[in-house]
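>>> Got a sequence here, can you model it:
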Amino acid sequence: MANKRKNSRPQSKDSHFKKRRQKQEKEDEEDSGKPTAFAGLSTEQKCELIASLSETILEDPNQSFKRERDASVKKEDENSEEVTTSVRLPSKVEQLLDLSRPHKNGGDEYIATLGVMSMLAIFKDILPSYRIRLPTDAERAGKISKETKQLWDYERALLTYYQQYLQLLEKQWERGQNQEHGPSRLAITSMLSLCELLKSGFNFNFRSNILTMVVRQMNNRSCEQVSDACCEAVEHIFQKDVQGEVSMEASRLVAKLIKEYRGVVRPAVVRSFATLPLRVHVDEAQAAKLASQANKKKRKKDKELAEIESELQEGSGTVDKIVLARCQSETLQSVILTYFRILKSPDSKTKKNLLPVALEGLAKFVHLINMDTVVDLLDVLKRLLADVDSLPLEASLNCALTAFQALQGPGREMQIDQKEYITPLYSQLARLGTEENSKANTDKMMKCLNSAFIKRREYSTLRVAAFVKQIFTVSMHAPSYTSVPLLALARQILQRYPSAHQILDSESDVITSGNYTPDVIDPEHSNPFSTSAWELSTLKFHFHPSVQKQADAAASLKLLQMPGESPDRLWSDMKRDSEETYIEFRRVAKNHPLAGKGGRQQHRFITPRKKELTLLEFRKEIV
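Coordinates of the predicted model:
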């Protein structure tokens, strides 16, 4: 009985909707050349009709799904005699769907756009947050209550009209592609509606159909608005999916899309993986998989009980940790495989566009991979960093950051010298001098330096001093919103490594022989102790008071006042101030030379000196 019920369920559902779709397509072909009931209405009347129908459907969806009663219509036959025939009027939802079809509303695309948006608002409001299972023929043949029958009829009608709406959106998107200047307005509205339905109803029926259409348009080159909306919808699923099954399905489709296009995709497509909240390690997922297989063997003994338990689990809304671990493991596998495919791609254009995004995602998920994958990853990163100057700055920094994350996470037991990943950072510091690189990559540079010198212990004093000296030099030329956090980070490094304080001494006190060469590849060969941090003396006269403050504190080895002087916090504050064109300044009030020296202010007035009158002038005044 259980096998019969299990097999009959999908057959009944598929046959029902297949017949519905064939019937709907046949009706559309027949009605395409016929005059419609909306052809004689004006645009204003059609808009009012859409508003009225939408309000009626939202008030009572159950009644709006039903066709109205038969209406008597009088017609004349061949003998000119009046014959009364009955016509079944369409339901409210069918009327609104007809208004959304241009070939049925009089060829008005504006009205069709309004109809599509109205149907979107209606379905977003009435769709449940669970998946509907239609009853089988055996279940319908049994004895059921009146309320149960009404609920089944309502769910069947809801799925039927929802499928018709999705078919309508798909057809309008396909028909709107034959445009010289990109998709039509109706086509764009249809695809945006699919994205909104995916956001609000990714746990409802037909999610696989919507996902397939939306993921396919994530790489749309003709309309950036459609591509951005599809990427945003997929990212929303990654963030909001609790069980992990929808995210697993979406990640597989995105990975398949990137593989089909051979890496020639928009960076936003690959960046969508970074929003996945993956937390399960590969080893934990393997244990969960074994537990799932053991439970599956137990359920085979009693299939009816297992089916009841699965339905109860689905209806309870709780998260199954075993299913979550399995889904996250398969999702992680698809994501890491896609990242490796981009890293090993021989196409230079693919590396230029997608390499920074792939490395950024790897830096986030590298702590979840196993030891064997870490070894392969470090080998690939080592080859990329061998020619670091040819890479974009974002890619080179993400490459080093990924290596640090891998060695501090699953590769912490590996005895590997990290010099090969620290040395390339020395030459990349100078690239922060431009305003474009400073705004986009200062935070990544600080993360790399923090991983190299703060989170781990560096035993080479020359390397520490060389990086501190290079930071001071870059702060001279970089914008103020980059100089301030870099100087704060240099103070933090000097506090951690007292042996590097020698670089703050005067040049007259330096006893090291040789010259300072900052343009070498290896920072240990730059001879940093043969010079001094003279940049701090110049930065004390910087126009920005925050730079002056940090330079003065670095020269005097003042401790950072955390968390107010945290480099990350200073970076965010300074970047916000630069976007608002705000510069903090200190007002200096000077006393007027004629003002009093204290207490109550005295007002002084200069009176003219009296002249002594001569005898001649005195006589003139008398006269």
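>>> ok, Ile402 touching Leu359?
Heads up, residue 402 is Thr, not Ile. Yes - taking C-beta atoms under 8 Å as the definition, Thr402 is a contact partner of Leu359 at 5.4 Å. C-beta here means a position set from N, CA and C on the backbone, and glycine is covered the same way.
>>> which regions of the stretch 401-550 of the chain lie under the pLDDT threshold?
411, 413, 508-512 (pLDDT under 70).
>>> can you do 50?
Along the stretch 401-550 of the chain, the model assigns pLDDT under 50 to no residue.
>>> Could you give the separation of stretch 548-555 from the chain centroid?
Taking C-alpha atoms, centre = their mean, to the nearest Å, one finds the center of stretch 548-555 at 38 Å from the center of the full chain.
>>> between Thr402 and Leu359, what contacts are shared?
Counting by C-beta atoms under 8 Å, 6 or more residues apart in numbering, Thr402 and Leu359 have no contacts in common.
>>> Pass me the low-pLDDT residue ranges in the protein, would you?
Low-confidence segments of the chain (pLDDT under 50): 1-17, 29-33, 35.
>>> residue ranges of the strands in it, please?
70-76, 82-88 (DSSP state E).
>>> Please enumerate the helices of the stretch 251-400 of the chain.
267-271, 282-300, 303-316, 321-343, 348-365, 371-385, 393-408 (DSSP state H, counting those that start in this stretch).
>>> Return the most buried member of those.
Scoring the helices of the stretch 251-400 of the chain by mean neighbour count under mean count of other C-beta atoms under 10 Å gives helix 393-408 as the most buried, with a mean of 24.
>>> follow-up on the earlier one: export the helices of the stretch 251-400 of the chain to a markdown table and tack on distance to Ile122?
A markdown table is the format used below for the helices of the stretch 251-400 of the chain (distance: least, C-beta to C-beta, whole Å):
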| stretch | distance to Ile122 |
| --- | --- |
| helix 267-271 | 30 |
| helix 282-300 | 39 |
| helix 303-316 | 25 |
| helix 321-343 | 32 |
| helix 348-365 | 38 |
| helix 371-385 | 48 |
| helix 393-408 | 44 |
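>>> what's the closest of these to Ala555?
helix 393-408 (28.2 Å; C-beta to C-beta).
>>> for the closest one, packing partners?
Counting contacts by 3 or more C-beta pairs under 8 Å, 6 or more residues apart in numbering; DSSP states H and E, helix 393-408 packs against helix 348-365, helix 371-385, helix 419-428, helix 435-449.
>>> Give me the contacts around the last one.
Defining contact as C-beta under 8 Å, 6+ apart, one finds that helix 435-449 is touched by 393-394, 397-398, 400-401, 404, 425, 428-429, 431-432, 467, 471, 478-479, 481-482, 485-486, 489, 493, 567-568, 571, 575.
>>> Grab the CA positions of that helix and hand them over as PDB.
Extracted in PDB, the C-alpha atoms of helix 435-449 (Å, rounded to 0.1, in the frame of the first residue of the first chain):
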ATOM      1  CA  GLU A 435      43.300  57.000  -4.700                       C
ATOM      2  CA  GLU A 436      41.600  54.200  -6.600                       C
ATOM      3  CA  ASN A 437      43.600  51.400  -5.000                       C
ATOM      4  CA  SER A 438      43.400  53.100  -1.600                       C
ATOM      5  CA  LYS A 439      39.600  53.100  -1.500                       C
ATOM      6  CA  ALA A 440      39.200  49.600  -2.700                       C
ATOM      7  CA  ASN A 441      42.000  47.700  -1.100                       C
ATOM      8  CA  THR A 442      43.200  49.400   2.200                       C
ATOM      9  CA  ASP A 443      41.000  47.100   4.300                       C
ATOM     10  CA  LYS A 444      42.400  44.000   2.500                       C
ATOM     11  CA  MET A 445      46.000  45.200   3.000                       C
ATOM     12  CA  MET A 446      45.400  45.700   6.700                       C
ATOM     13  CA  LYS A 447      43.900  42.200   7.000                       C
ATOM     14  CA  CYS A 448      47.000  40.800   5.400                       C
ATOM     15  CA  LEU A 449      49.400  42.700   7.600                       C
END
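>>> could you check the angle helix 393-408 makes with it?
10 degrees (axes from the mean of the first three to the mean of the last three C-alpha atoms, to 10 degrees).
>>> Please compute how far helix 435-449 lies from its chain's middle.
Mean-position distance between helix 435-449 and its chain equals 20 Å (C-alpha atoms, centre = their mean).
>>> ok, now the third one?
Here the centre of helix 419-428 is set off from its chain's centre by 30 Å, with C-alpha atoms, centre = their mean.
>>> Which positions in that helix come out as buried?
Neighbour-count burial for helix 419-428 flags Tyr421, Ile422, Thr423, Pro424, Leu425, Tyr426, Ser427, Gln428 (criterion: 16 or more other C-beta atoms under 10 Å).
>>> got it, and the last one?
Of the residues in helix 435-449, those with enough neighbours to count as buried (16+ other C-beta under 10 Å) are 437-449.
>>> what is the orientation angle of that helix with helix 348-365?
40 degrees.
>>> go on, the third one?
Relative orientation of helix 419-428 versus helix 348-365 (the same axes, to 10 degrees): 120 degrees.
>>> Distance check, Thr148 against Ala488.
Distance of Thr148 to Ala488, given as C-beta to C-beta, to the nearest Å: 68 Å.
>>> More neighbours: the two, which one.
Ala488 (23 against 12; other C-beta atoms under 10 Å).
>>> Can you report how many residues lie near the residue lying closest to the more buried one once chain neighbours are set aside?
With sequence-adjacent residues excluded and distances taken as C-beta to C-beta, 6 or more residues apart in numbering, Ala488 is closest to Pro567, at 4.5 Å. Neighbours of Pro567 under the rule other C-beta under 10 Å: 24.
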